[in-house]
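J.: the following block contains a protein sequence and its predicted model.
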Amino acid sequence: MAASFKGLLESHGMNQMTTDQTISTLLQAEWEDRENKKITRNIQNAKFRYQASIEDIDYNHPRSLDKNQLMRFQDCSFIKKAENILVSGATGLGKSYIASALGYQACIMGYKVYYCNLQKLFNRLKVSKADGSYLKEMEKIEKQDLLIIDDFGLQTLDNNASLMLLEIIEDRYGKHSTIIASQLTIDKWYDICSGKTVADAIFDRLLHGSHKIQLNGDTMRKKK
């Protein structure tokens, strides 16, 4: 507000404005500044792997990507509905970029987002169990409006990892959205968990009310 007021004084803009208009201009400047700082803070806290945007997604490369489907996600209504998005496809087809682009859009819309590699997430949670901060870490994950889990399924999950994943999905089920990106097709996700019962519990919650993006085709890295 102070910077806007100074600008009005230097440009003599207040001479043509009523008191109400001046106050409205100052309040608008304050609101926009706070919103911009909030977006910047959300992006920094999300810890994205890539800087991505929905506008820059490549629809020309043949990989079975439905532009209409992506555009429907742009308003982030899936987050309001606590719906999940599952992105699968071979390496080099842009799964991580698409997931990051949706995350960036969510940050711009004012949502809290957290991006993580699955194996690094589990390593951090294992360390937190040792130092007593496990519950705090899990609460942080639960409170995120959108959780993005990348590189899902690169390694088989042991019993402890499967139970931690179940706890994460259970805490978020029906309350917050999750995006998962994986090289494995969704029908093979069950195989990476140890124990059929735990796998059923995880994927019953994860798949319910989810949107699926299955990418097919040659790697985009050849093109680049």
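T.: Yep, that arrived.

J.: go ahead and confirm Met220 touches Arg63.
T.: Yes. Using C-beta atoms under 8 Å, Met220 is in contact with Arg63, at 7.3 Å. C-beta coordinates here come from the backbone N, C-alpha and C atoms, glycine included.

J.: which of the two has more neighbours?
T.: A count of neighbours by other C-beta atoms under 10 Å puts Arg63 above the other of Met220 and Arg63, at 20 against 16.

J.: which phi and psi does the more buried one have?
T.: Backbone torsions of Arg63, given as degrees, to the nearest 10, read phi -140, psi 20.

J.: now do Ile149
T.: Torsion angles, degrees, to the nearest 10, at Ile149: phi -110, psi 110.

J.: same check on the one 3 residues further on?
T.: Here is the backbone geometry of Phe152 (degrees, to the nearest 10): phi -80, psi 130.

J.: please shift the residue numbers so they start at 58 in all later answers.
T.: Okay, using 58 as the starting number, the last item reads as Phe209.

J.: quick revisit: who touches both of Met277 and Arg120?
T.: Leu150, Gly151 (C-beta atoms under 8 Å, 6 or more residues apart in numbering).

J.: I'd like the distance between Leu122 and Leu178.
T.: As for Leu122, its distance to Leu178 is 26 Å (criterion: C-beta to C-beta, to the nearest Å).

J.: so where's the protein shaky on pLDDT?
T.: Applying pLDDT under 70 to the chain flags the ranges 278-281.

J.: excluding chain neighbours, what is closest to Leu84?
T.: Distance criterion C-beta to C-beta, 6 or more residues apart in numbering; nearest residue to Leu84, sequence neighbours excluded, is Met58 at 7.3 Å.

J.: and Ser121, by the same measure?
T.: Of all residues not flanking Ser121 in the chain, Asn273 sits nearest, at 4.5 Å (C-beta to C-beta, 6+ apart).

J.: neighbours of Tyr135, just the number please.
T.: In this structure residue 135 is Phe, not Tyr. For Phe135, the count of nearby residues is 20 (other C-beta under 10 Å).

J.: which residues touch it?
T.: Going by C-beta under 8 Å, 6+ apart, Phe135 touches Asn141, Ile142, Ser234, His268.

J.: among the residues you listed, who's most crowded?
T.: Neighbour counts for the contacts of Phe135 peak at Ser234, which has 26 neighbours (criterion: other C-beta under 10 Å).

J.: got a list of what it touches?
T.: Phe135, Ile136, Lys138, Ala139, Glu140, Asn141, Ile142, Asp202, Leu203, Leu204.

J.: list the beta-bridge partners for it.
T.: With DSSP bridges as the criterion, Ser234 is bridged to Leu203.

J.: the domain parsing of the chain - what is it?
T.: Domain assignment for the chain by automatic domain parsing gives 59-99, 104-280.

J.: helices of this protein, start to end?
T.: For the chain, the helices defined by DSSP state H cover 59-68, 76-103, 124-130, 134-137, 152-165, 175-188, 191-200, 216-229, 253-264, 277-280.

J.: so what would you say the end-to-end distance of stretch 132-145 is?
T.: Chord length of stretch 132-145, first to last residue, is 22 Å (C-alpha to C-alpha, to the nearest Å).
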